[in-house]
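Trainee: here is my input; please provide its structure:
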Amino acid sequence: MKFNLANRRTHYWLTPFLAIPILIITASGLLLQIKKQWNWVQPAEMKGSSDAPSIPFESMLDNVKKIKGFESATWKDIKRIDIRPKKGIAKLSMNSDIEIQMDTDTGEVLQTAIRRSDWIESLHDGSYFGGDWTKLGVFLPAAVCLLLLWLTGLWMFWLPFQTRWRKATAKRNNR
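Mentor: Reported below is the predicted structural model:
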């Protein structure tokens, strides 16, 4: 079988299997690209009053408990704390996908909003659909196959140019 025919058949048969994972990767990747520009994806960063954190972690948890709906919050309810000294804020990401931004000097809650970027990232890498199995068993092979499609697509793009160049060279040499 000639390489060009095998190349076209590879494209033909891989495409249906890759369509859905690539759609998910592309759409979620586009959303992640604009996460700082679109507050629906990720809340805008507020500005605190100081560039040096001075509030202890326990005070942060106490201030979270003052927010309606978080009265019984514990450390188990907090997924992570992201300290931004230059902005003077701490972002507390809750397990419920709520982000609480707090002034690291006064402890004042500056904003409470839904943070969708973590969920979109889990869609992007495939872990949303079942953890490592889909991440490594579906999305990783889809990425490898996409790379293969990209390479073979470049070959199919280059081939007409190469053919024209060869014909033009042969024509010049035959003069």
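Trainee: the host helix or strand of residue 79 packs against which elements?
Mentor: For residue 79, the host element (DSSP states H and E) is strand 78-84. Counting contacts by 3 or more CB pairs under 8 Å, 6 or more residues apart in numbering; DSSP states H and E, strand 78-84 is packed against helix 57-64, strand 89-94. In short, each C-beta sits where N, CA and C put it, glycine included.
Trainee: middle-most residue in the chain, spatially?
Mentor: The chain has residue 121 as the residue nearest its centroid, 4.0 Å off, counting by CA atoms, centre = their mean.
Trainee: over to residue 29: give its phi and psi.
Mentor: phi -60, psi -40 (degrees, to the nearest 10).
Trainee: that one and residue 124 touch, don't they?
Mentor: Yes - in this structure, residue 29 is within contact of residue 124 by CB atoms under 8 Å, at 5.8 Å.
Trainee: more crowded one of the two?
Mentor: residue 124 (20 against 13; other CB atoms under 10 Å).
Trainee: quick check on the residue nearest to that one when sequence neighbours are not counted: phi, psi?
Mentor: Of all residues not flanking residue 124 in the chain, residue 28 sits nearest, at 3.9 Å (CB to CB, 6 or more residues apart in numbering). Residue 28 has phi and psi values of phi -70, psi -40 when expressed as degrees, to the nearest 10.
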